[in-house]
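In: what would the 3D arrangement of this be:
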Amino acid sequence: MVFSSKKIRRKICGGHAYLDHLSQELPRTAASAARFVERSLMQTGGFKDVDPTLLVSGRVGCYYSNTESVMGDKGEFKAYAKDPTAMYQHVLNMLERSPKYRIIVDLLAVKCKAIIDQERENAKRTLSAQEQDLLYFVASGGETRDWLFSMAVAARLGLPHVAIHKDLESRMDLHTPKGKTIQGDIIGQTTSSIHGHKIEHRLKGATAIHVVDLLTEGSSCYRKEEGKKHGWIPALRRKGVKINNLLAVVSRLEGGEQNLEEQKVKVDSLLQIEEGFLSRNSKKPTSAIAYRKDPVGYARKLLRTRSLDSIARFFNPAAGKLDRAVRFEQRHGDYLRQIGRWEELQSIVQKNYRCTLEEALAGGKPYDNNFAKKWQEVVRKKKSTLCVGEDPVDYMQATENTMPRKANKYKWCMNLIEKVAPYSAAIKINRNFVKDLSGKQIENLVDRIHELGMLAIADDKLVDIGNTNDSGVYHCWQQKFDAVTYSPFPGNMQEATAQAHIRGMGLIPLVLMSNPEYKEMKEATFSDGKGYEHFAKQVKAYAADAVVIGAPSPDNHITLKEVKRVRSIIGDKLVLMPGVGAQGGDAGRIISVFGDNVIANVGRAIMYAADPAKEARTYQRMLNRVRREYCGRAA
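Out: As a prediction, this is how the structure comes out:
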């Protein structure tokens, strides 16, 4: 089949001019189209050999295909995973910017239009003229990667698009051909004109051509669990949508075609990963072809002979891949038990993620305000709300308030922890001051903090994109910290809170800092108030555990009114209060508002005192006097 000229494209598409605007240099045959997709995948890293990994279906595989690589946006689409309208605009932008992506989309569009024309021809033989007039076509795709291609095909053909969400029962978004979102299952008789044809914006009664990025077993499209039908196709059919055709960019040829054929859905794909493809492109073709021929036998051999570490990673509750772990257990759990390796997998998961396999498969241990409960318990036992800040300054770094010359930092930190332990409820370790210590040394410090009945706070002030923050949280968790501080300026507090909570840790965002430079940020105008109010509202909305508020003093800009305003927003949450001691902050002003929920941090005044233990006791007693005055109870 030749796709290269307007004249021939019009012939393929039933005489309509829908495709006149498509790429002028489309591959000329189905074989050349497959070769183009293959080259595009390889050039963009879309096909890779990997260590044994779990596929979406729960199968153990040794290579993966990421068709989104041809889009060339370096993963930017992930930012729009829950916002199909923004995703639609991103798709339109990438169609302009990425020639490879545009050509692959246009190859799908040609196939999609041919299906529509054939459906119309069939209708002429089976339907009345009135029924033919009611024919209404949409492109559909499932969250998230399908949208990269289904939305693009809809845009290129001027079709409405149905964005199906993973929460199948409650939400589908219908987009007009220009990307405007209309929510709801039946959208009345609103119409627009595309290429001279009236388009009704409705879902019920439509005929969908479903577009996917990758077809493996087709379980995302259709599967049966506990007698119930699940997947994109049953979801569409429950909404009254007719669906008989599916288009895939790539098929792994692992049973998806047969699965969907049983549901009377015909599959067509641009590229199939068969033995020839693997021979040309895999760095381990023998292994890849062995998997291709017998996926079950391949998996069982690996499970008998290889380390289970690569499998255990998918049982990490924080990794976002537990759906694969669940399906792996359904496929291979009995076999692992049969060969006696289930307990080995259990041990790896317990060691690395501190939960059992059963807890991991259930989504991890539930976070039940863990950090606040720990704090309340330690305050009761230690009779203290003092937190000692461990910020050891190297001797050559400054002219005062430093460790002694040639001091061993690790031993110095351990010594301080042991001296202040009788009077302190927590130790806050500022990461910037201990970067020259090893991870194991930090873990040893935290272990000692816990042995002495205190909590350990990692003062990391995480401030980056999600993946980087997650790495920071992960290492804090590995070192057994109870909570970590966070800077909210990247705008991803919800994500950061989830990253901490899934590991049982608290998150403490900065809200009111006392340094003079922060005043501008504090008073900046956001859509929902001033800067500090905006961050406090995020703490409340996303269930973060505490806030950082500097202790007010005559020398800084924080006012009691602002402290009360934060309290009115966040309610009964903890407050990490630095600034008492060397900075001259007034602990009473915050304790009068937040009571025993104040974690009163004192750093330099205790660290560099001639007798840190004596100074810690002095601050413990001072804080207890303030607590008696404002809270009506003494420690």
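
In: low pLDDT regions in the stretch 251-400 of the chain?
Out: For the stretch 251-400 of the chain, no stretch has pLDDT under 70.

In: strands along that one, start to end?
Out: Taking DSSP state E, counting those that start in this stretch as the criterion, the stretch 251-400 of the chain carries its strands at 266-272, 386-390.

In: out of the ones you listed, deepest packed?
Out: Comparing the strands of the stretch 251-400 of the chain by mean neighbour count (mean count of other C-beta atoms under 10 Å), strand 386-390 ranks first with a mean of 27. Just so you know, the C-beta spots here come from the backbone N, C-alpha and C atoms, and that holds for glycine as well.

In: remind me which residues of this protein are low pLDDT?
Out: Scanning the chain for pLDDT under 70 picks out 1-25, 168-170, 177-202, 581-585, 632-635.

In: so in it, which helix runs the longest?
Out: Counting residues, the longest helix found in the chain (DSSP state H) is helix 99-126.

In: and the angle from it to strand 266-272?
Out: Between helix 99-126 and strand 266-272, the angle comes out at 160 degrees (axes from the mean of the first three to the mean of the last three C-alpha atoms, to 10 degrees).

In: and helix 99-126, what's buried?
Out: In terms of neighbour count (16 or more other C-beta atoms under 10 Å), helix 99-126 has its buried residues at 100-117, 119, 123.

In: before we move on, what about stretch 220-236?
Out: Residues of stretch 220-236 classed as buried: 220, 221, 222, 223, 230, 231, 232, 233, 234, 235, 236 (neighbour count, 16+ other C-beta under 10 Å).

In: out of the strands of the stretch 251-400 of the chain, which is closest to residue 307?
Out: With C-beta to C-beta as the criterion, residue 307 lies closest to strand 266-272 of those, at 31.9 Å.

In: helices and strands around that closest one, which ones?
Out: On a contact count with 3 or more C-beta pairs under 8 Å, 6 or more residues apart in numbering; DSSP states H and E, strand 266-272 meets helix 30-43, helix 99-126, strand 242-251, helix 256-261.

In: mind listing the helices for the stretch 301-450 of the chain?
Out: 309-312, 322-338, 342-353, 357-361, 370-382, 409-420, 439-451 (DSSP state H, counting those that start in this stretch).

In: hang on, the earlier thing: let's have the strands of the stretch 251-400 of the chain in TSV, adding distance to residue 278.
Out: Formatted as TSV, the strands of the stretch 251-400 of the chain follow (distance: least, C-beta to C-beta, whole Å):
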stretch	distance to residue 278
strand 266-272	11
strand 386-390	55
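
In: residue 314: how many residues sit nearby?
Out: By other C-beta atoms under 10 Å, 21 other residues sit near residue 314.

In: same check on residue 384?
Out: Around residue 384 sit 26 other residues, with neighbours defined as other C-beta under 10 Å.

In: could you do the one 10 residues further on as well?
Out: When counting by other C-beta under 10 Å, one arrives at 13 neighbours for residue 394.

In: for residue 260, same thing?
Out: Using other C-beta under 10 Å, residue 260 is surrounded by 24 other residues.

In: going forward, the N-terminal residue is numbered 18.
Out: Yes, from this point I'll number from 18; that puts the last item at residue 277.

In: spit out the contact partners of it.
Out: Each residue near residue 277 by C-beta atoms under 8 Å, 6 or more residues apart in numbering is listed here: 235, 238, 239, 250, 263, 283, 284.

In: these: which two are farthest apart?
Out: Going by C-beta to C-beta, the pair spanning those furthest: 239 and 283, at 13.4 Å.

In: so who does the residue nearest to residue 512 when sequence neighbours are not counted touch?
Out: Counting by C-beta to C-beta, 6 or more residues apart in numbering, the nearest residue to residue 512 once its immediate chain neighbours are dropped is residue 483, at 4.9 Å. Residue 483 makes contacts with 509, 512, 513, 516, as judged by C-beta under 8 Å, 6+ apart.

In: pretty sure the first one sits against residue 482.
Out: Pointing back at residue 509 there. Yes - using C-beta atoms under 8 Å, residue 509 is in contact with residue 482, at 7.2 Å.

In: which of those two has more neighbours?
Out: Using other C-beta under 10 Å as the criterion, residue 509 and residue 482 rank with residue 509 on top: 20 against 11.

In: what about that one, distance to residue 77?
Out: Counting by C-beta to C-beta, to the nearest Å, the separation of residue 509 from residue 77 is 33 Å.

In: what of residue 531?
Out: Plainly put, residue 531 is 54 Å away from residue 77 if you go by C-beta to C-beta.

In: same deal with residue 515?
Out: Counting by C-beta to C-beta, the gap from residue 515 to residue 77 is 28 Å.

In: what about the two, which has more around it?
Out: Taking other C-beta under 10 Å, residue 515 and residue 77 do not tie; residue 77 has more neighbours (23 against 20).

In: what sits against that one?
Out: Neighbour list for residue 77: 69, 70, 71, 312, 315, 316, 319, 320, 328, 345, 349 [criterion: C-beta under 8 Å, 6+ apart].
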